[in-house]
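1. let's see this in three dimensions:
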Amino acid sequence: MDPCPFVRITVGSLALKIPVASKPTRSVVHPSSSPCFCKIKLKNFPLQTAVVPYIPPQNQFPDNQLQTLAATFHLSKADIEKLAAKSIFSAKPCLKIAIYTGRRGSTCGVNSGRLLGKVSVPLDLSGTESRACVFHNGWISVGKETHKGSSAQFHLNVKAEPDPRFVFQFDGEPECSPQVFQIRGNIRQPVFTCKFSFRNTGDRNQRSRSLQSEACGSRSWLGSFGSERERPGKERKGWSITVHDLSGSPVAAASMVTPFVASPGSDRVSRSNPGSWLILRPGDGTWKPWGRLEAWRERGSSDGLGYRFELIPDMSAAAIVLAESTLSSGKGGKFVIDLGGGGGGNGGSNGRATPGSATSPACSPRNSGDFGYGLWPFCVYRGFVMSARVEGEGKCSKPCVEVSVQHVNCTEDAAAFVALAAAIDLSMDACRLFSKRLRKELCNHQDLLG
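-> Numbering: from 1, shown residues only. As a prediction, the model looks like this:
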């Protein structure tokens, strides 16, 4: 499998030094007692914000200080070509940073921060697909000079690094058992097939907690929806999707292990009682749990798909949360796992990246049972891990999955991320309001008869 070229631009090591005025101005709060922040903008990408630490003017920025990330931008080959495109109206691409003193946010529609100065860092992206490049690392003068000729100093590190990724595209909606293609430029090569099915749901002991409590008495609200789909006992459960390689061998699976059930008095899956999936990998002649995805329907103005994904190191160790965010139920968005991604925003991402520690004991099993879970304490996920683009409710969704090359060492590694992408896409349907009808592929025989 050949990867696609991607470039990761990071902004970090932020710090601010402001000279102390001999006669302090009462109307301005000095940054030593009030937080500072900056807004970071790259053309064609969403604006990102970050806190800027203040250090005393007499101190030097420590060379050995931890390289904390403030913002990250992920550029595909097409993004690089757009930024590098020359025209009479555009100059060399630049990263623009505006530094503010005071708190972030706004009061009565007016920004609370006071603009201190702006910084522009030119970006020459040629060759960055194959080699790292540091565009700036050090101090820059910002703002107006004082009467002594000194000005505020802003420290930052801007660099680009190759971040090649495998790109996979579902050829249809996951519930339609599609093929999965690997994409590289204009080349599409089939690599996996998916099989959607219903597990045996005859075990009545799998009833959800909320439905058990509902059975104690009648619920007049059930009739208000005007559909049999909301009667006690109706739930979305038993969904399963298995990923096979081209030889037909199963290499990953996603299985719904906790039913998706409306909370009492509503027609939505609540955060307090989410549905969940297990992401499974083959090993030692059986399926082994690799990760767990929980999903629910958020309330309020967001009204989106809330999710939490955690890695399962083994059956005895505690799970490790890698991502937790919300996707728009109407527009869809990107499910992202990006550890140490700072602002985590890349174009079109609705999910916020989950910050990670370089010492977190999280890694993908290296093979289907050959190495496995004994290596967990000694390896880590780093940087960008994966993303999956899914559509909103009622739209034809053919998830596009990007996986960092450094996290794929075998076919099962890639297949696990494909299964996870299928689970997040199917969760959009599983968390759909129970007053809405699902497509027939997502209804088992009993639901169709009901």
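
2. please, which helix or strand holds residue 8?
-> Using DSSP states H and E, residue 8 falls within strand 6-17.

3. what mean pLDDT does that strand have?
-> Per-residue pLDDT values over strand 6-17 give a mean of 93.

4. which elements pack onto the helix or strand following it?
-> In the C-terminal direction, the helix or strand that comes right after strand 6-17 (DSSP H and E) is strand 36-42. Taking 3 or more CB pairs under 8 Å, 6 or more residues apart in numbering; DSSP states H and E as contact, the helices and strands that strand 36-42 lies on are strand 6-17, strand 48-52, strand 69-76, strand 94-101. Using the backbone N, CA and C atoms, a C-beta is placed for each residue, glycine as well.

5. dump those strands into a markdown table; add distance to residue 184 and mean neighbour count as well.
-> Output for the helices and strands packed on strand 36-42, formatted as a markdown table (distance: least, CB to CB, whole Å; neighbours: other CB atoms under 10 Å):
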| stretch | distance to residue 184 | mean neighbour count |
| --- | --- | --- |
| strand 6-17 | 12 | 22 |
| strand 48-52 | 29 | 18 |
| strand 69-76 | 12 | 23 |
| strand 94-101 | 28 | 21 |
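
6. got JSON lines for those strands, with distance to residue 413 too?
-> As requested, these are exported to JSON lines (distance: least, CB to CB, whole Å):
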{"stretch": "strand 6-17", "distance to residue 413": "18"}
{"stretch": "strand 48-52", "distance to residue 413": "30"}
{"stretch": "strand 69-76", "distance to residue 413": "20"}
{"stretch": "strand 94-101", "distance to residue 413": "33"}
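
7. closest one to residue 441 among those strands?
-> strand 69-76 (31.7 Å; CB to CB).

8. figure out which of the helices and strands packed on strand 36-42 is closest to residue 235.
-> Of all the helices and strands packed on strand 36-42, strand 69-76 comes closest under CB to CB, at 37.8 Å.

9. what is the strand holding residue 8 packed up against?
-> strand 36-42, strand 48-52, strand 69-76, strand 94-101, strand 152-162.

10. go through the helices and strands packed on strand 36-42 and name the closest to residue 399.
-> strand 69-76 (16.7 Å).

11. please state the offset of whichever helix or strand comes after the closest one from the chain centre?
-> Counting by DSSP H and E, the next helix or strand C-terminal to strand 69-76 is helix 77-84. How far helix 77-84 lies from its chain's middle: 22 Å, per CA atoms, centre = their mean, to the nearest Å.

12. wait, which of the helices and strands packed on strand 36-42 is closest to residue 256?
-> strand 69-76 (30.5 Å).

13. what angle do strand 6-17 and that closest one make with each other?
-> If you take axes from the mean of the first three to the mean of the last three CA atoms, to 10 degrees, strand 69-76 sits at 160 degrees to strand 6-17.

14. strand 69-76 vs strand 94-101, what angle?
-> 160 degrees.

15. what's the angle from strand 69-76 to strand 48-52?
-> 150 degrees.

16. all strands of the stretch 351-450 of the chain, in order?
-> 383-390, 400-404 (DSSP state E, counting those that start in this stretch).

17. over to the stretch 51-200 of the chain?
-> Taking DSSP E, counting those that start in this stretch, the strands of the stretch 51-200 of the chain run over residues 69-76, 94-101, 106-107, 110-111, 114-122, 133-142, 152-162, 165-170, 179-184, 187-198.

18. of the ones you listed, which is nearest residue 278?
-> Across the strands of the stretch 51-200 of the chain, residue 278 has its closest neighbour in strand 187-198 (15.0 Å, CB to CB).

19. who are the packing partners of the closest one?
-> Packed next to strand 187-198, using 3+ CB pairs under 8 Å, 6+ apart, are strand 165-170, strand 179-184, strand 239-245, helix 411-430.

20. mean neighbour count for the ones you listed - can I get that in JSON lines?
-> JSON lines is the format used below for the helices and strands packed on strand 187-198 (neighbours: other CB atoms under 10 Å):
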{"stretch": "strand 165-170", "mean neighbour count": "22"}
{"stretch": "strand 179-184", "mean neighbour count": "18"}
{"stretch": "strand 239-245", "mean neighbour count": "21"}
{"stretch": "helix 411-430", "mean neighbour count": "26"}
